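Asks: Let's see this in three dimensions:
(chains A, B and C)
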Amino acid sequence: MIAIEHLTKSYRKFKALNDINLDFKRGQTISLLGPNGSGKTTLIKSILGLVVPEGGTIKINGSEIKTHWEYRSKIGYMPQIGRYPENMTIGQVIRMLKEIRKDCVSYDEELIEGFRIPDYQHKTMRSLSGGTRQKVSASLAFLFSPDIYILDEPTAGLDPLSSEMLKDKIAKERANGKLILITSHVLSDLDDITSHIVYLQDGKLMFYKTVGELKHSTGEEKLNKVIASIMKNNYLTEILTNENNH
Amino acid sequence: MKIIIKYVLLDLLRNKTILVYTFILAVLSVSLLSMDDNTSKGLLSLLNITLLFVPIISILFSTIYFFNSVEFIELLLAQPIRRKTMLLAEYAGIAFALSIAYLLGVGVPIFVMSYSTAAVTLIISGLFLTLIFTGLALLIFVLFKDKTKGIGAAIITSLFFAILFDGLLLSFIYSFSDYPIDKPLLGLISLNPIDLARILVLLQLDVAVMMGYSGALFKKFMGSATGSIYSVVCMLLWVAVPLMISMKVFKKKDL
Amino acid sequence: MKSIPAIILLSSFLLLAIADSFATITKVNPGPNSIHNAIKAAKDGDTLLLLKGFYREHDIVIQKRLIILGSDFPVIDAESKYQAFIIMRDSVTLQGLQIQNIGKASITDMAGIRIVNATHVIIRNNRLINNTYGIYFQHAGQCDILNNTIHSNAKGEINGGNGIHAWKSDHLTIKGNSISGHRDGIYFEFVTDSRITGNISYSNARYGLHFMFSHNDTYTQNTFKDNGAGVAVMYSKGVIMHENEFLLNWGDASYGLLLKEITDSKIEHNRFIKNTIGIHMEGTTRVDVQHNLFQNNGWALRVQASCSGSNFLENNFTGNSFDVSTNGTMMLNTFNNNYWDKYDGYDLDKNNIGDVPYYPVSVYSVITEKIPSAMVLYHSFLTDIIDQVEKVMPTMIPDKLKDNYPLMKKLNL
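Replies: The predicted structure follows:
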């Protein structure tokens, strides 16, 4: 569904993305992991067309995105920091996006209902807590039932109940054959729903494996333990050599 | 595009800064126009306020607003919208909101209290300055990544056009006073929208004669219909060119 | 011996009575050459009463001591080719006539009423319409021009003539006339000891009043309005200007009052309102400018460095774009006890006199004086700043040019 080849991006001398090759398929839930500044955000922004890559290609459903923009109707994006114009109400933000997405006729309002957003839709964005903003952002990402979801730190700041609700929703959409890309620091949250893990460091792709493979090779059951052991034991090189042997 | 403009306006018309800006302009206009029995003098004071406040407020407010909207712009750009459309819509929304503020703050009092050709010229010039400096703010926004640097650039830009440019112009006049510099001066004035606006309005007031007293060519040209058209065209270019550059830069900008 | 003056007095009364008994009043009706014929028939001291009507007559030379009265403004029309009256005898009176359509010639200055080598002529209550020159004095003296309306429509400075033109004359009294649409409203050249009072001179192509080489004249209570270049007083001494109004002389190179080479004169209680330049002074010596009002002028005063010994005392300066400008760094004139609306000093001892001097010349005005092109920066933010800085640290303006005793309150003028 998303095919990334030789994607490169640098900010001045800093290489944010260094020759990334990835292929994401329908029905996958992919966790993008990596320390701060590893290139996670740059990667998803490249896919969204917010960052203009300097080399390589990104294809969605076989066609290159370049400066096209129509493809973005297939993507639901939940940004990390949901900041909206201060004096807009939640209702206005939702209505605006609906008006912009005139192409979409049926809305997926499951999260809007689940988060009880209609109850406080007259509140202005300025007056909202971080958690509520996250809820709005999540609702918006799912509103137009796209084929691809890109969720940047989706559970950060959400209360446990909402977090669970979101995770259920993600799992449900995955079951519907959608592709879900998630970046997250809170690893345990992702245990149940992740199928693949992409690990980036210093703009380089360290590995792209299924959760099962990783658990097997590290001997750990919990996903955060898996990652921790990867980071701690300098396991990376080993995996890298393994990968090269393949 | 209309949708985004509409919602940006909905947001801005409830913005406290815009409301305060409108209110201050209105208070200044009413007090200046009613204080002086001589309306031409009231207009002159309003001209000075327009020339000073409008550029600085427009550019500073817009720059801050643009930088504060980065996340919102990202969200919009994640939708199936052309970058160009989105940027133009954001610009139009802010420019429109600031223009409404100026019209309510200065336009309405002038129309009610001292309607004249000069007053109309003043309002048109004020609106042009709003459009121009909002456009420059947009250019700053697309050129800088960092908000603090952007605000710095906005302050420098407005100071440059409000004072520094005239200083350079004065030293130019000083250095070349022995040569016929009226024509080059005309060209140089076009490089500063604030000067253009000032002269456009002054030539409609009866103090125009002060300018004609010495620089005959200047008054002859700028006071004529051709001169007015020339200034308006220059102002239009001042609106269009920064916008076009912004579009071009924004096409390649990483958010 | 005592009776001799009495006898002289008595006999002179008798003589007068006899003369009067001979003087007749002749009514004149419109007709071919009727005025010419009536004058031919008249003798010294006669009165001609022109009845209402249209007289197509011209070059009417009066060499007798006549009184010519008009009843209901009879019209004397010179068909845009000729002159109307030429007075060459003392003590002639013209009154109540309408004299119109005087011709234009390049050799002679054609006038509605020309007074040549005559004294004690009275021109009263006439209308002079559409003439090249209205009233023209040439070697005249002790004449009175009272309450006439003199109107023309001169298009340019070159073609038109003057409303009242006086050359080499003295002791004229010009009072209560209304003059418009000429080249100069009133023109004096080599005219002395004359009074110009209560006239209004407006919308003339050049000057409302123009003085050349005319000494010891007084003009008071006149209004000069909307003239091409204002009022010019040049190369004269002992001129007294009182209670006149200089209004709306507004345009390129336009003055309320232009003084050039004027000596020992007084300018008092005048009002200068909305002129491009209130008073422009060049090469003046000992001119007192007192109790005048300068309001809403472009420049209230332009005092060139060639002026000396003048006192500017107790004037009001309000709403002028520039109060004073000068072209040099020397100032040999003094400014004291004036009210300046731009003065922002303080008065701690409450004696109505500011405790710090006022510098009426702004740096920007100095700059524009040196480099006129700098006028394009008029009303820009920069020039305001420059002026403010100069106030704190004076470097450019003539330091002698200051009012040491600026008034805190406007004078009642």
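Asks: Could you tell me how far residue B:5 is located from chain C?
Replies: Per Cβ to the nearest Cβ, to the nearest Å, residue B:5 is found 33 Å from chain C. C-beta coordinates here come from the backbone N, C-alpha and C atoms, glycine included.
Asks: For burial, what's the neighbour tally of that residue?
Replies: 19 (other Cβ atoms under 10 Å in any protein chain shown).
Asks: again with the one 4 residues further on
Replies: Burial of residue B:9 is recorded as 16 neighbouring residues (other Cβ under 10 Å).
Asks: Convert stretch A:7-18 to PDB, retaining C-alpha atoms only.
Replies: Provided in PDB are the C-alpha atoms of stretch A:7-18 (Å, rounded to 0.1, in the frame of the first residue of the first chain):
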ATOM      1  CA  LEU A   7      14.000   7.900   0.800                       C
ATOM      2  CA  THR A   8      16.500  10.600   1.900                       C
ATOM      3  CA  LYS A   9      16.000  13.800   3.600                       C
ATOM      4  CA  SER A  10      18.500  16.100   5.400                       C
ATOM      5  CA  TYR A  11      18.200  19.400   7.200                       C
ATOM      6  CA  ARG A  12      21.400  21.200   6.400                       C
ATOM      7  CA  LYS A  13      24.100  18.700   7.500                       C
ATOM      8  CA  PHE A  14      21.800  16.700   9.600                       C
ATOM      9  CA  LYS A  15      20.600  13.500   7.900                       C
ATOM     10  CA  ALA A  16      17.000  13.000   9.100                       C
ATOM     11  CA  LEU A  17      16.300  10.100   6.800                       C
ATOM     12  CA  ASN A  18      19.100   8.100   5.100                       C
END
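Asks: which residue does chain A bring closest to chain C?
Replies: For chain A and chain C, the shortest gap (Cβ to the nearest Cβ) falls at residue A:86, measuring 32.4 Å.
Asks: The nearest residue to that residue once chain neighbours are set aside: neighbouring residues, count only.
Replies: Of all residues not flanking residue A:86 in the chain, residue A:126 sits nearest, at 4.0 Å (Cβ to Cβ, 6 or more residues apart in numbering or on different chains). Neighbourhood size, residue A:126 [other Cβ under 10 Å]: 13.
Asks: State the three-state secondary structure for residue A:126.
Replies: What DSSP: H, G, I helix; E, B strand; the rest coil gives for residue A:126 is helix.
Asks: The residue of chain A closest to chain C against residue A:123, yeah?
Replies: No - using Cβ atoms under 8 Å, residue A:86 is not in contact with residue A:123; the gap is 11.6 Å.
Asks: Give me the more crowded residue out of these two.
Replies: Taking other Cβ under 10 Å, residue A:86 and residue A:123 do not tie; residue A:86 has more neighbours (18 against 14).
Asks: In terms of helix, strand or coil, where does the more buried one fall?
Replies: Under three-state DSSP, residue A:86 comes out as coil.
Asks: now do residue C:89
Replies: coil.
Asks: and it, how many residues sit next to it?
Replies: 19.
Asks: neighbours of the residue nearest to it when sequence neighbours are not counted, just the number please.
Replies: Of all residues not flanking residue C:89 in the chain, residue C:63 sits nearest, at 5.0 Å (Cβ to Cβ, 6+ apart). Neighbour count of residue C:63, defined by other Cβ under 10 Å: 13.
Asks: residues contacting residue B:17?
Replies: residue B:61 (Cβ atoms under 8 Å, 6 or more residues apart in numbering or on different chains).
Asks: go on, residue B:94?
Replies: Contacts of residue B:94 by Cβ under 8 Å, 6+ apart are B:8, B:12, B:61, B:62, B:65, B:66, B:134, B:137.
Asks: The stretch 151-255 of chain B: helices as residue ranges?
Replies: Here the stretch 151-255 of chain B has its helices, by DSSP state H, counting those that start in this stretch, at B:165-175, B:182-189, B:193-202, B:208-212, B:216-223, B:225-251.
Asks: hmm, the first one in reach of chain C?
Replies: By that I understand helix B:165-175. Yes - figure legend: helix B:165-175 in contact with chain C (Cβ under 8 Å from any Cβ of the partner chain); contacting residues B:166, B:167, B:169, B:170, B:173, B:174.
Asks: If you rank the residues you listed by neighbours, which is first?
Replies: That'd be residue B:166 among the residues of helix B:165-175 next to chain C, by other Cβ under 10 Å, with 24 neighbours.
Asks: in what helix or strand does residue 108 lie?
Replies: All of this refers to chain A. Taking DSSP states H and E as the definition, one finds residue A:108 inside no helix or strand.
Asks: not what I meant, chain B
Replies: Short version, using DSSP H and E: residue B:108 is in helix B:108-113.
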